[in-house]
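Undergrad: Need a 3D model of the sequence below.
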Amino acid sequence: MTPAAAGAPMFPAEVTAPPTVGVEEEFILAERHSRAAVYRAPSVVRAALGHLGASHVTAEVSQAQVETVSAVCRTAAELEAEIGRLRRGAATAAAEHDCLLVPSGTAVLGRPGPPPLADKPRYRAFARSFGPLIQDQGVNACHVHVGVADRDEAVRAVNHLRGWMPLLLALTGNSPFSDGTDTGYESWRTMLWSRWPSAGPPPHLRGAAHYDRIVGRLIATGAAMDPGMIYWHVRPSPHLPTIEVRVADVLPDAAATTAYALLVRALVGGAVEAVRAGEPAPEVPDPLLRAACWQAARHGTACTLPATHTRDHTPTAVGRLVEELWKRVEPQLSSYGDDRWVSDWLGAVQHGGSGSSLQRRVAEHHGGSLQAVVDALAVEPG
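TA: As a prediction, the model looks like this:
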C-alpha cells in the first residue's frame with residue numbers, strides 16, 4: 001500500500017513553520033564521449049564557482065567528483081528550485097570541460113579514484129593515515145541537514161533516528177554498477193564507505209557529553225582525524241546547528257532529492273518532539289543495526305529488514321516498513337505542507353524501485369549498454 005492509498009491528506013489543514021533544511025549532493029564527472037569517470041574536477045569547480053557562487057560548489061576527495069551545497073531552505077518549492085539550480089549550474093560547468101555531471105553513488109564506467117586526490121591538506125592527510133583504504137573512494141552521497149538548535153537535543157534525537165537508517169538506505173540505493181560491472185548490490189557506495197573505521201550506524205548516545213567522549217576516543221585511536229570525520233549515517237553536524245543524515249546515495253533527479261530531504265526533515269522533527277516528550281528510543285544492538293544496513297545495501301526495496309525502529313526488531317517487508325514510516329512522519333509532513341511531495345515519491349519507489357532499479361532497467365533496455373545508463377542519468381545543463 002502506498003502512503004497516498006493509506007489516506008494521506010491532499011492538503012494540510014494548517015501549515016506551521018517547519019525546521020530549516022539543506023542538501024549536499026556529490027556527483028561523478030564522466031568524459032562526454034567514453035562516459036567513463038574523468039579527473040577534471042579542478043577545472044569544473046572553478047567554472048562552477050562563476051555559475052553558482054563560492055559557497056555552493058566544492059571539490060571532493062577525488063578529482064572525478066564535484067559537490068554542491070544548497071542554501072538554507074524552508075519550503076519544498078524553495079528546496080526543489082535550489083537543488084535544480086545547483087544541478088543545472090554544475091552540469092553547465094561540466095559541459096564547458098567536455099564532461100557529464102552524473103548523479104550515481106559510484107562511477108558506472110571507469111575508476112573514479114582517488115588517486116589523484118583533490119589538492120587539499122585534509123585529503124593528503126587521509127592518504128597518509130589510511131593508505132590504500134582511500135583508493136576507489138570517489139563515491140557520491142546525498143547529505144540532508146535539518147535545523148536543530150539545541151545540541152544535546154540533537155544528540156538524543158539521533159537515538160530515535162538511527163533505527164530508521166536501514167529503511168532510508170533501502171529506498172535510496174543508486175549505485176549498482178562500478179567500473180563497468182554490476183556489483184549485485186543496490187548501494188555499492190555503502191559497502192565502500194563501510195571500510196572506514198568511523199563509518200556506519202551511530203551508537204546509542206546518552207547525550208552531548210557522551211557523544212563528545214566517543215568522538216574524542218575515536219580521534220585518539222586514529223580512527224578519525226577530527227569530528228568531521230565521524231562518518232556515521234546520522235550525526236549532529238560538527239560545524240552547524242543541524243542533524244545531518246548521510247545514509248543515502250545521491251539520487252537520480254532533483255524531484256527525488258527534494259522528496260527524500262523533506263522525508264528526512266519530517267523524521268528529524270518527529271525525533272526532536274519525541275526527545276522533548278521524554279519518549280525513550282529503542283536501544284537497537286549495534287551488530288543488528290549494522291547487519292540491517294548491509295541487507296538494505298544488498299537488496300534495497302526487495303528485501304525483509306528487521307524493524308530496527310522498534311524494540312522487538314521483527315523481520316518485516318520493506319513495503320510494510322514504509323507504511324510504518326508514513327505513520328511516523330505524516331503529522332510533521334501534513335503540518336509542514338510536504339505530505340504530497342513525499343507520498344508521491346514513496347509510491348514511485350515502492351512500485352518502480354530505487355535509482356538502482358532504474359539504472360538496471362536502462363541497461364537492459366539498451367542491450368546491456370552502460371554508456372546508455374550514464375546518458376540517462378546525466379544532468380541537463382541550464
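
Undergrad: so Pro18 sits right up against Asp339, yeah?
TA: No: counting by C-beta atoms under 8 Å, Pro18 sits too far from Asp339 to count as a contact (11.9 Å). C-betas here are computed from N, CA, C, even on glycine.

Undergrad: Compare the two (neighbour count), which wins?
TA: Ranked by neighbour count (other C-beta atoms under 10 Å), Pro18 and Asp339 place Asp339 first, with 25 against 22.

Undergrad: Just the pLDDT at the more buried one, thanks.
TA: Confidence per residue is given as pLDDT, and for Asp339 that number is 96.

Undergrad: State the distance from it to Glu67.
TA: Asp339 is 30 Å from Glu67, where distance means C-beta to C-beta, to the nearest Å.

Undergrad: Gly382 too?
TA: Per C-beta to C-beta, Gly382 is found 19 Å from Glu67.

Undergrad: One more: Leu267?
TA: In this view, Leu267 and Glu67 are 23 Å apart by C-beta to C-beta.

Undergrad: These two: which is more packed in?
TA: The neighbour count for Leu267 versus Glu67, taken as other C-beta under 10 Å, is higher for Leu267 (26 against 22).

Undergrad: Mind giving me the packing neighbours of the helix or strand containing that one?
TA: Mapping Leu267 onto the secondary structure by DSSP states H and E places it in helix 254-276. Helix 254-276 sits against strand 21-31, helix 76-95, strand 141-147, helix 151-161, helix 165-172, strand 242-249, helix 318-336, helix 339-352, with contacts defined as 3 or more C-beta pairs under 8 Å, 6 or more residues apart in numbering; DSSP states H and E.

Undergrad: Give me the angle between that helix and helix 165-172.
TA: What separates the directions of helix 254-276 and helix 165-172 is an angle of 170 degrees, with axes from the mean of the first three to the mean of the last three C-alpha atoms, to 10 degrees.

Undergrad: report the angle between the axes of the very next helix or strand once past helix 254-276 and helix 165-172?
TA: Tracing the chain C-terminally past helix 254-276 and defining elements by DSSP H and E, one meets helix 286-299 next. Using the same axes, to 10 degrees, the inter-axis angle of helix 286-299 relative to helix 165-172 is 10 degrees.

Undergrad: for helix 286-299, which positions count as buried?
TA: Within helix 286-299, the residues that qualify as buried by neighbour count (16 or more other C-beta atoms under 10 Å) are 289, 291-299.

Undergrad: who's in contact with that helix?
TA: Contacts to helix 286-299, defined as C-beta atoms under 8 Å, 6 or more residues apart in numbering, come from residues 162-163, 165-167, 169-170, 173, 184-188, 190-191, 194, 200-201, 203, 233, 247, 303, 305-306, 308, 313.

Undergrad: ok, and Arg111, which helix or strand is that part of?
TA: Arg111 is located outside every helix and strand, with elements delineated by DSSP H and E.
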